[in-house]
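K.L.:
would you be able to build a 3D model of this:
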Amino acid sequence: MSLLVVGLSHRSAPVELLERAALSGERGARLDAVLRGGDHVEEWMIVSTCNRVEIYGEVGTFHGAVTQISESLCAVTGLSLEELGDSLYAHYEERAIAHLFSVAAGLDSLAIGESQILGQLRSSLQDGREHGHLGSALENVAQQALRVGKKVHAETEIDRVSKGLIERGVALAEHRIGPIQRARATVIGSGAMSALATHTLSRMGVENITIVSRTLENARRLAAATGATAREWDERADAIAESDFVVSCTGAVGHVVEIEHVTGGDRPKVFLDLALPRDVDPAVAVLDAVTVLWLEDLREVTESEGSRSQVHAVEEMVTAEVAEFVLNRRAASVGPTVAAIRRYAADVVATELERLDSRVELDDRQRAQVQLSVHRIVEKLLHTPTVRMKELAGSEDGSEYTSLLRTLFDIDPFVSKVSSIPRQVGGDS
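P.N.:
Predicted structure coming up:
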């Protein structure tokens, strides 16, 4: 089995296409049902966020699985393969592992370094477990991706890139509304980026912060940690009306700030929209005294020398983690074959000892000595091939060596065989 990912993201597809391809709610359940009906994907995990729609799978064949996943995605979303076009990508084995690790590390996010993706991956993992389409192979690689993501955030300063986006947004906003410390701010959402925005504003000295979230309990927790005020989702128009600076990053499909949520007036108001798809209706930007800052207005942050250096450090860490994981994965893949060869040898020894018992009268001590000698011979014969097989497993051709051994010994490591024979009396038949 090999790892495959098929999907599209903000790097490959326009916002409109990502919205149409989203797999939230009922669509995810329908995709599960369609994939179960195919022959090429054994395990799968669906990752659907505002920035990406990806299906990770443990598959038997590359082309068959790519076709099955692509056609299943089309069947569920109503999109055609022509519409998906070049926006759809596929990564296989080592490249698929590297892609998943990069996603978990925040390298593939629109806001580079954000940690919200870790929670989204955990949710995808849990969903796969609950619906019974996640096996040990995919569970293993997904868990390792989460460990890599945590390690990256603990051992590097990649978080500063996302923090830099907010700080740059504040600096631009101050040109319109004056010092941020005197501003009244509203943060829409309570996820990782919203939490980062709230903590950043609090650290900058903003004393009047309101948090609006669909989940009031999450908003209250964040408010308690930052000295802010939590409000109901339906009160966002009132919160916006009272604010000078509004930060939004909900990950919702569709706008959460419509033109009717923004009252008129001459007082300058700045919206910082960190979401993709956009949270703020572009029509809001044409209102008098209103400025909307989009992610593309902050591009200079992610392209700065400091950000590039942080990204490079994380890329090196991810590369090392991928190499180690691939090596361990290949080595582990020979385990069943090694065990099967040893079972085969043990069966042969048992068979021949039964033959010997039928021909020669041995007491218990003599039989134990013979058995020990035969066992030592078998161990010596198998030792070097076993060691070499484990060494070669780490190479790119490792699977071919393993396959050759299975052919030579005529074994299937995943099928239990019984090769002992009944005791014979009176010699060979």
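
K.L.:
for the rest of this, base every contact and every neighbour count on C-alpha atoms.
P.N.:
Noted.

K.L.:
quickly find the element holding the residue lying closest to residue 93 once chain neighbours are set aside.
P.N.:
The spatial neighbour of residue 93 that comes closest, neighbours along the chain excluded (CA to CA, 6 or more residues apart in numbering), is residue 3 at 4.7 Å. Following DSSP states H and E, one finds residue 3 within strand 2-9.

K.L.:
flag the shaky bits of the stretch 101-250 of the chain, pLDDT-wise.
P.N.:
The model of the stretch 101-250 of the chain has no residue with pLDDT under 70.

K.L.:
what does the helix or strand following the strand holding residue 3 rub up against?
P.N.:
Next along the chain after strand 2-9, taking DSSP H and E as the criterion, comes helix 15-21. Judged by CA atoms under 8 Å, 6 or more residues apart in numbering, the contacts made with helix 15-21 from elsewhere in the structure are 8-10, 50-53, 73, 77, 79, 84, 253, 276-277.

K.L.:
would you show me how to pick out the buried ones of these in PyMOL?
P.N.:
In PyMOL syntax, the buried subset of the contacts of helix 15-21 is picked out as below (16 or more other CA atoms under 10 Å):
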select buried, resi 8+9+10+50+51+52+53+73+77+84+253+276+277
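
K.L.:
now flag whichever of the contacts of helix 15-21 is closest to residue 406.
P.N.:
Of all these, the one with the least separation from residue 406 (CA to CA) is residue 73, at 36.6 Å.

K.L.:
dump the residue contacts of the closest residue in space to the closest one that isn't next to it in sequence.
P.N.:
In space, residue 73 comes closest to residue 31 once its chain neighbours are excluded; the distance is 6.9 Å by CA to CA, 6+ apart. If a contact means CA under 8 Å, 6+ apart, then residue 31 has 72, 73, 76 as its contacts.

K.L.:
how would you label residue 134: helix, strand or coil?
P.N.:
Three-state assignment for residue 134 (DSSP: H, G, I helix; E, B strand; the rest coil): coil.

K.L.:
burial check on it, number of neighbours?
P.N.:
The burial metric for residue 134, expressed as a neighbour count using other CA atoms under 10 Å, is 21.

K.L.:
does it really touch residue 41, like I thought?
P.N.:
No. Here residue 134 lies out of contact with residue 41, judged by CA atoms under 8 Å, at a distance of 10.9 Å.

K.L.:
pLDDT-wise, what's the bottom of the contacts of helix 15-21?
P.N.:
Per-residue confidence over the contacts of helix 15-21 reaches its minimum at residue 253, where pLDDT is 69.

K.L.:
I'd like the distance between residue 111 and residue 159.
P.N.:
From residue 111 across to residue 159, the span is 10 Å (CA to CA, to the nearest Å).

K.L.:
higher neighbour count, the two?
P.N.:
For residue 111 versus residue 159, the count of surrounding residues by other CA under 10 Å is larger for residue 111: 24 against 20.

K.L.:
pull out the buried positions in stretch 308-328.
P.N.:
Of the residues in stretch 308-328, those with enough neighbours to count as buried (16+ other CA under 10 Å) are 310, 311, 313, 314, 315, 317, 318, 321, 322, 325, 326, 327.

K.L.:
and the protein, what are its domains?
P.N.:
Residue ranges for the domains of the chain, per automatic domain parsing: 2-156, 159-302, 330-409.

K.L.:
now the terminal residues of the last one, how far apart.
P.N.:
Taking CA to CA, the span from the opening residue of domain 330-409 to its closing residue is 20 Å.

K.L.:
quick one: average pLDDT of it?
P.N.:
Summarised as a single mean, pLDDT over domain 330-409 is 80.

K.L.:
tell me what residue 89 is bridged to.
P.N.:
Here residue 89 shows beta-bridge partners residue 7, assigned using DSSP bridges.

K.L.:
I'd like the distance between it and residue 99.
P.N.:
Taking CA to CA as the measure, residue 89 falls 11 Å from residue 99.

K.L.:
pick out whichever of these two has more residues nearby.
P.N.:
Remark: of residue 89 and residue 99, residue 99 carries more neighbours, 20 against 16, as counted by other CA under 10 Å.

K.L.:
out of everything not next to it in sequence, what's closest to that one?
P.N.:
Nearest in space to residue 99, with sequence neighbours left out and distances taken as CA to CA, 6+ apart, is residue 91 at 7.6 Å.

K.L.:
got a list of what the one you found touches?
P.N.:
Residue 91 neighbours (CA under 8 Å, 6+ apart): 4, 5, 6, 99.

K.L.:
between those, which is closest to residue 184?
P.N.:
Minimum distance to residue 184 across the contacts of residue 91 is 40.3 Å, recorded for residue 99 (CA to CA).

K.L.:
list the contacts for residue 216?
P.N.:
Counting by CA under 8 Å, 6+ apart, residue 216 has contacts 230, 231, 232, 233.

K.L.:
tell me the buried residues in stretch 347-367?
P.N.:
347, 348, 349, 350, 351, 352, 353, 354, 355, 356, 367.

K.L.:
which of these fall in strands?
P.N.:
Among these, no member is found in strands (DSSP state E).
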